[in-house]
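Just need the structure, nothing else, for what follows:
(2 chains)
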Protein chains: 2
Amino acid sequence: MPETLPDNSVGLVTPKTQTFETPLALDCGRTLPRFELIYETYGELNPARDNAVLVCHALSGDHHAAGYHSLSDRKPGWWEAAIGPGKPLDTNRFFIVAPNNLGGCKGSTGPASINPETGRPYGADFPIVTVRDWVRSQALLADALGIAQWAAVVGGSLGGMQVMQWAIDLPERLRHAVVIAAAPKLSAQNIAFNEVARQAIMSDPDFHAGHFYEHGTVPRRGLMLARMLGHITYLSDSAMREKFGRELREGRLNFGFDVEFQVESYLRYQGQSFVDRFDANTYLLMTKALDYFDPAAEFDHDLAAAFRRAQARFLVISFTSDWRFSPERSREIVRALLDADRAVSYAEIEATQGHDAFLLPIPQYMKVLGSYMRGVAAERAS
Amino acid sequence: MPETLPDNSVGLVTPKTQTFETPLALDCGRTLPRFELIYETYGELNPARDNAVLVCHALSGDHHAAGYHSLSDRKPGWWEAAIGPGKPLDTNRFFIVAPNNLGGCKGSTGPASINPETGRPYGADFPIVTVRDWVRSQALLADALGIAQWAAVVGGSLGGMQVMQWAIDLPERLRHAVVIAAAPKLSAQNIAFNEVARQAIMSDPDFHAGHFYEHGTVPRRGLMLARMLGHITYLSDSAMREKFGRELREGRLNFGFDVEFQVESYLRYQGQSFVDRFDANTYLLMTKALDYFDPAAEFDHDLAAAFRRAQARFLVISFTSDWRFSPERSREIVRALLDADRAVSYAEIEATQGHDAFLLPIPQYMKVLGSYMRGVAAERAS
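Model (predicted):
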């Protein structure tokens, strides 16, 4: 808890909620009769309304990207490293908008929301949403905020996928696309990890086929396992080695099944604390959105053809030790953009932290992002 | 089911059981009052008794390494690729011994065996066994079979770890050590995957703290998850891509949580079928033996110092796409052996199949192994 908030933080922030009463048609064929998006904003929209930046979150992220909700907060928002006065997403220059995605569990309409058709929580009946659905709903939020065109849409991991979809689906509505630690689609291995996570949740007897709210239960064991597994894929082998090695918590083997190695202790803690702040149905939805993401599919699996629709200029960033979405996956994106004759800058950041690197204040990374964003701020709206 | 068995198979085999009535002191400090080892043998022990080869199995392996138990068997033993007349472990030259490890679930004394002290199954009370305990028990089996010295001890993965421990602990009792797709100890990431698997099993309500036999249950969900996760680490990303890509089982997205991608179908099948043939307590024990394996630990973490006790000559084999125990881990073993002035050959096999490669009849691999083993057969016992 910071006694006084750091100077380079956006400080205290309050989430806002936008309600949409017009039905939203989704990729799955179903329609949401109404929905809400919770979001935060940092900085000021300028009179020309051309300095707005959309920040898209990843699997377990939310709208609280920067700052503090109260002086007693233990931690700031998830991208405090990059958002704030003088930071790469400089709130002295930009008006940053960070929504919680549809299907989320932090205030936007999702599985725990009341289904107006039944008067009970959606639970497993909440429709499976896609990255494209998120882009649609975020565009409606932009409309509501009077933002015709984003100066940039920015995101890491699943957030980076939303950025690509924005550039392809609504090309006139963004000038820059910043795609960090992402992939043009999941590999079979990526899907496999997601499937084990889903099976962990769905096979938990407390899941009750997704209607656990009404049973007064939470599939804690399953969600904990899913998160533990996720964490392994977020960290690199070398990061785990540096962080934990084979350190024993009590300095000796106990010949039992309680925590022995530090890495076990870390994973159990991460799993347990996640259960208290995340919803199992949302976790399932997020993994499905990841699995389904494949913008090239409707262009005969030609990613360059998909990108030919884009008008934005791109910055693509990857991290050397990321094995979830390795630099090779980012290079696929870059090659397709070049094949499509789009403007693209690419930075492969030397980092030991694995996929998690995209959330961290790695100097070289912050420098590349900050330098690019200063260019975005300097140019005039087209 | 083969109508007639292939010529290069050892054909029909019958497991044998050896009972040991002398108490066995274990690394954990406990003692097994008595125990049995089930094992198979292929080929004939020569009059000099110097052509015996011990095959050590990996996590989910057993004593059925080659041949068929009956003409109606769907599949041969797990290492049919390498064991048989004219094969690398040539049963015309060698007398192969393949035991099921202590703590196993295929006939050797393990968690499902009756604890003579209680008259009930051991369950979770079965002691945690180490690689060193296995070597001790296998040495007693060698004594019982009248084998003073193995021509070679051979194994892949966890089996390769037993080979190293044999060479260090009982240096006079083997002439050659063949270590395939192994590591000198687990990394933090390896331990992390094991920990998620263990948590999946132990958090299954049907686990009943390891005493599920008496409750008439099986922790199916947990063991299935553990196996699904294991399979991801056995296959390389590229092998998964080649095998499944992003193929959809029904050719289209269903916007639901049933199986959609082929890789999901494969994993669920692998998980489900494993539950019918493996014991959850044994799975826990095997993962702990992996975590604990660290022969350098008692030599001040100097692996070369550990290997200085060895007298065997070594063949070390790794596979390029193995990310569970990557070639780099095998090179650590080779470097330590060279530092210790031991004789070592090293082969890094180009293979796309990941860790699983060690079980497969990859021509280059079989050639390297066969050529080495012909040398072993040609030399006279020292």
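
Stretch A:329-342 vs chain B: in contact?
No. Using C-beta under 8 Å from any C-beta of the partner chain, stretch A:329-342 stays clear of chain B, coming no nearer than 10.5 Å. (Each C-beta comes from the backbone N, C-alpha and C, glycine too.)

For A:P85, give me the pLDDT.
A:P85 carries a pLDDT score of 98 in this model.

Toward the C-terminus from the helix or strand of chain A with the lowest mean pLDDT, list the very next helix or strand.
With mean pLDDT, DSSP states H and E as the measure, the helix or strand of chain A carrying the lowest mean pLDDT is helix A:237-243 (a mean of 90). Once the chain leaves helix A:237-243, the next helix or strand it forms, by DSSP states H and E, is helix A:262-275.

The following helix or strand past that next one packs against which elements?
Next along the chain after helix A:262-275, taking DSSP H and E as the criterion, comes helix A:280-292. In this structure, helix A:280-292 packs against helix A:131-145, helix A:158-169, helix A:188-202, helix A:220-234, with contacts taken as 3 or more C-beta pairs under 8 Å, 6 or more residues apart in numbering or on different chains; DSSP states H and E.

quick one: the last one to chain centroid distance?
To tie it back to what came earlier, the one meant is helix A:220-234. The offset between the C-alpha centroid of helix A:220-234 and the centroid of the whole chain comes to 17 Å, using C-alpha atoms, centre = their mean, to the nearest Å.

how deep is the residue of the stretch 51-200 of chain A found nearest chain B tucked in, by neighbour count?
Distance from chain B to each residue of the stretch 51-200 of chain A (C-beta to the nearest C-beta) is smallest for A:A188, at 3.8 Å. A:A188 sits with 24 neighbouring residues when counted by other C-beta atoms under 10 Å in any protein chain shown.

quick revisit: relative to B:F307, which of the helices and strands packed on helix A:280-292 is closest?
Ranking the helices and strands packed on helix A:280-292 by proximity to B:F307 (C-beta to C-beta) places helix A:220-234 first, at 30.6 Å.

quick one on the thing from earlier: now tell me what touches the least confident helix or strand of chain A from outside.
Under the contact criterion C-beta atoms under 8 Å, 6 or more residues apart in numbering or on different chains, helix A:237-243 has outside partners A:232, A:235, A:263, A:266, A:321, A:323, A:352-354, A:356, B:187-189, B:192.

Please apply the same query to stretch A:166-173.
Stretch A:166-173 is touched from outside by A:54, A:132, A:135-136, A:138-139, A:142, A:148-150, A:153, A:174, A:177, A:295, A:306-307, A:309-312, A:314, with contacts defined as C-beta under 8 Å, 6+ apart.

Just those: which are in strands?
A:54, A:153, A:177, A:314 (DSSP state E).

hmm, back to that, how close does the closest residue to the residue of the stretch 51-200 of chain A closest to chain B other than its chain neighbours sit to B:S326?
For A:A188, the nearest residue in space outside its immediate sequence neighbours is B:M240; the separation is 3.8 Å by C-beta to C-beta, 6 or more residues apart in numbering or on different chains. B:M240 sits 17 Å away from B:S326 when distances are taken as C-beta to C-beta, to the nearest Å.

Kindly report the same for A:R93.
When C-beta to C-beta is applied, the distance between A:R93 and B:S326 equals 45 Å.

circling back to that earlier point, with neighbour count and pLDDT as added columns, please give the ones in strands among the contacts of stretch A:166-173 in TSV.
Below are the ones in strands among the contacts of stretch A:166-173 laid out as TSV (neighbours: other C-beta atoms under 10 Å in any protein chain shown; pLDDT from 0 to 100):
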residue	neighbour count	pLDDT
A:L54	28	98
A:V153	31	98
A:A177	30	98
A:F314	23	98
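
hang on, the earlier thing: quick check: the gap between the residue nearest to A:A188 and A:E195.
Relative to A:E195, B:M240 is positioned 12 Å away (criterion: C-beta to C-beta).

who touches both of those two?
The overlap between the contact sets of B:M240 and A:E195 (C-beta under 8 Å, 6+ apart) consists of B:V263.

What parts of the stretch 251-382 of chain A come near chain B?
Those residues of the stretch 251-382 of chain A that sit near chain B, judged by C-beta under 8 Å from any C-beta, are A:253, A:255-257, A:260-261, A:263-264, A:267-268, A:271, A:284, A:288, A:291-292, A:294.

now with 7 Å?
When proximity is defined by C-beta under 7 Å from any C-beta of the partner chain, the stretch 251-382 of chain A lies next to chain B at A:253, A:255, A:257, A:261, A:263-264, A:267, A:284, A:291-292, A:294.

for the stretch 1-150 of chain A, same thing?
Proximity of the stretch 1-150 of chain A to chain B is assessed by C-beta under 7 Å from any C-beta, with A:28, A:128 identified as the residues in range.

what's the neighbour count on the residue in the stretch 1-150 of chain A positioned nearest to chain B?
Per C-beta to the nearest C-beta, A:C28 is where the stretch 1-150 of chain A lies closest to chain B, at 3.8 Å. Here the neighbour count serves as a burial measure; for A:C28 (other C-beta under 10 Å) it reads 17.

Is it correct that it is in contact with B:N254?
No. Applying C-beta atoms under 7 Å as the test, A:C28 and B:N254 come out as separate, 9.0 Å apart.

which of the contacts of helix A:237-243 lies closest to B:A82?
Out of these, the one with the shortest distance to B:A82 is B:S187. That distance is 26.9 Å, counting by C-beta to C-beta.

what about that closest one, distance to A:R331?
Noted for B:S187: a distance of 27 Å to A:R331, by C-beta to C-beta.

Compare neighbour counts for the two and give me the winner.
A count of neighbours by other C-beta under 10 Å puts B:S187 above the other of B:S187 and A:R331, at 21 against 14.

The more buried one: what's it in contact with?
Residues in contact with B:S187, defined by C-beta atoms under 7 Å, 6 or more residues apart in numbering or on different chains, are A:237, A:240-241.

same thing with A:H63?
A:15, A:38-40, A:98-100, A:106-107.

Excluding sequence neighbours, find me the nearest residue to it.
Residue nearest to A:H63 in three dimensions, not counting chain neighbours: A:N100, with 4.0 Å by C-beta to C-beta, 6+ apart.
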